[in-house]
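Undergrad: what would the 3D arrangement of this be:
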Amino acid sequence: MEDVLTVFKASQLCRVSSKTIINWIDSGHIKAYKTVGGHRRIDRRDLDAFMKKQGIPLPGTDKEDQKIRILVVDDDPIIVETIVQALEEDEFDYEVISAADGFEAGLQVNHFAPHLMILDIMMPDIKGYDVCKKIKENPETKEMKIIVLSAYLDDEKFKKMKEYGADACFSKPFPLAQLKEEVARMFELR
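TA: Numbers count the residues shown, from 1 in each chain. The predicted structure is shown next:
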């Protein structure tokens, strides 16, 4: 186990973006120092203490492995916050993170290894059909479930998304209760 961590490594352990780690450091939540080159470094014990205090599961704990991990991908911060909050407060104690663009979503798929992605297919840098297809064709991610969101989803697009691998599709605006019910059903929790 490493004693000194980079921001990137800390972001992997906390399953958040590097920017979030930097924000936590800058606001004094995580102790860190800067190298001569200006790079932030974090003592592993300080990060572990922060993670425990915040209730972030430490890597290798059983609790972490039991939680269903959900990635919400949407460029509308209000929609993201609404979905994340609803799922985090759900009785099944999901672990939920978000991504605001396709690049961050790709990083989170690799680092966070979500069981479910809730994906807005009408984002500037994402082609929802391609995302679904790539996820379902990759042996490492093909078991990931995908719920597609779109304000412009008609029966034809719904059928196309299913062909590309979406497990469920919702038109915006959508009832949160129905989304939560679908997530629980997908994982046979109800």
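Undergrad: could you measure the residue lying closest to residue 43 once chain neighbours are set aside against residue 31, distance?
TA: The shortest distance from residue 43 to any residue other than its chain neighbours is 6.3 Å, reached at residue 4 (C-beta to C-beta, 6 or more residues apart in numbering). Yep, even glycine has a C-beta here, placed from its N, CA and C like the rest. With the distance defined as C-beta to C-beta, to the nearest Å, residue 4 ends up 12 Å from residue 31.
Undergrad: identify the contacts common to the two.
TA: Residues within reach of residue 4 and of residue 31 at once, by C-beta atoms under 8 Å, 6 or more residues apart in numbering, are 42-43.
Undergrad: which SS class is the most far-flung residue of the chain relative to its centre?
TA: Among the C-alpha atoms of the chain, the one most distant from their mean position (C-alpha atoms, centre = their mean) is that of residue 36, at 33.1 Å. Using DSSP: H, G, I helix; E, B strand; the rest coil as the criterion, the local structure at residue 36 reads coil.
Undergrad: quick one: it from residue 111, how far?
TA: Looking at residue 36 against residue 111, where the rule is C-beta to C-beta, the gap reads 28 Å.
Undergrad: now residue 138: phi and psi?
TA: Backbone torsions for residue 138, taken as degrees, to the nearest 10, come to phi -80, psi 120.
Undergrad: and residue 127, by the same measure?
TA: phi -110, psi 100.
Undergrad: then residue 11?
TA: Here the main-chain torsion angles of residue 11 (degrees, to the nearest 10) amount to phi -70, psi -40.
Undergrad: give the contact list for it.
TA: With contacts defined as C-beta under 8 Å, 6+ apart, the neighbours of residue 11 are 17-18, 20-21, 111.
Undergrad: could I get those as JSON lines with neighbour count and distance to residue 87?
TA: Rendered in JSON lines, the data for the contacts of residue 11 read as follows (neighbours: other C-beta atoms under 10 Å; distance: C-beta to C-beta, whole Å):
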{"residue": "17", "neighbour count": "20", "distance to residue 87": "18"}
{"residue": "18", "neighbour count": "17", "distance to residue 87": "23"}
{"residue": "20", "neighbour count": "15", "distance to residue 87": "18"}
{"residue": "21", "neighbour count": "27", "distance to residue 87": "23"}
{"residue": "111", "neighbour count": "17", "distance to residue 87": "19"}
